[in-house]
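Novice: 3D, please:
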Amino acid sequence: MGKGAFILGFWTALCTTLLGMDFNTIINPIIEFFSTDIGAIIAQFSRVLFDFLYPANADAAAV
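Specialist: Predicted structure coming up:
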């Protein structure tokens, strides 16, 4: 069996697993974490860091 068959088999198994999942079960705890206590602090710190590194008033990219 070649590499292509392995990748195709892996991809098929991955898609089958993901399609059978309930994404709300995964996403709801993450949303709840970033909405309360230490998660909210981490989210706010990340937002400040992002705004500092990538300011909104930066010049547009030029080619």
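Novice: hey, let's count contacts and neighbours off CA atoms from now on
Specialist: OK.
Novice: can I get the CA coordinates of stretch 49-57 in PDB?
Specialist: The C-alpha coordinates for stretch 49-57 follow below in PDB (Å, rounded to 0.1, in the frame of the first residue of the first chain):
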ATOM      1  CA  LEU A  49      -1.600  41.900  22.700                       C
ATOM      2  CA  PHE A  50      -3.200  41.400  19.200                       C
ATOM      3  CA  ASP A  51      -4.200  45.100  19.100                       C
ATOM      4  CA  PHE A  52      -0.700  46.100  20.100                       C
ATOM      5  CA  LEU A  53       1.000  43.900  17.500                       C
ATOM      6  CA  TYR A  54      -1.500  44.700  14.700                       C
ATOM      7  CA  PRO A  55      -2.800  48.200  15.100                       C
ATOM      8  CA  ALA A  56      -6.000  49.200  13.200                       C
ATOM      9  CA  ASN A  57      -4.400  52.300  11.800                       C
END
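Novice: what's the residue lying closest to residue 42 once chain neighbours are set aside in contact with, if anything?
Specialist: Counting by Cα to Cα, 6 or more residues apart in numbering, residue 34 is the residue found nearest to residue 42 once chain neighbours are left out, at 7.4 Å. Residue 34 sits next to 40-43 when contact means Cα atoms under 8 Å, 6 or more residues apart in numbering.
Novice: avg pLDDT for the helix or strand residue 34 falls within?
Specialist: Element membership for residue 34, per DSSP states H and E: helix 23-35. Per-residue pLDDT values across helix 23-35 average out to 85.
Novice: next helix or strand past it?
Specialist: Note on helix 23-35: by DSSP H and E, the next helix or strand toward the C-terminus is helix 37-53.
Novice: And the contacts of that following helix?
Specialist: Here helix 37-53 makes contact (Cα under 8 Å, 6+ apart) with 33-34.
Novice: and that helix with helix 23-35, angle?
Specialist: Inter-element angle recorded for helix 37-53 and helix 23-35: 80 degrees (by axes from the mean of the first three to the mean of the last three Cα atoms, to 10 degrees).
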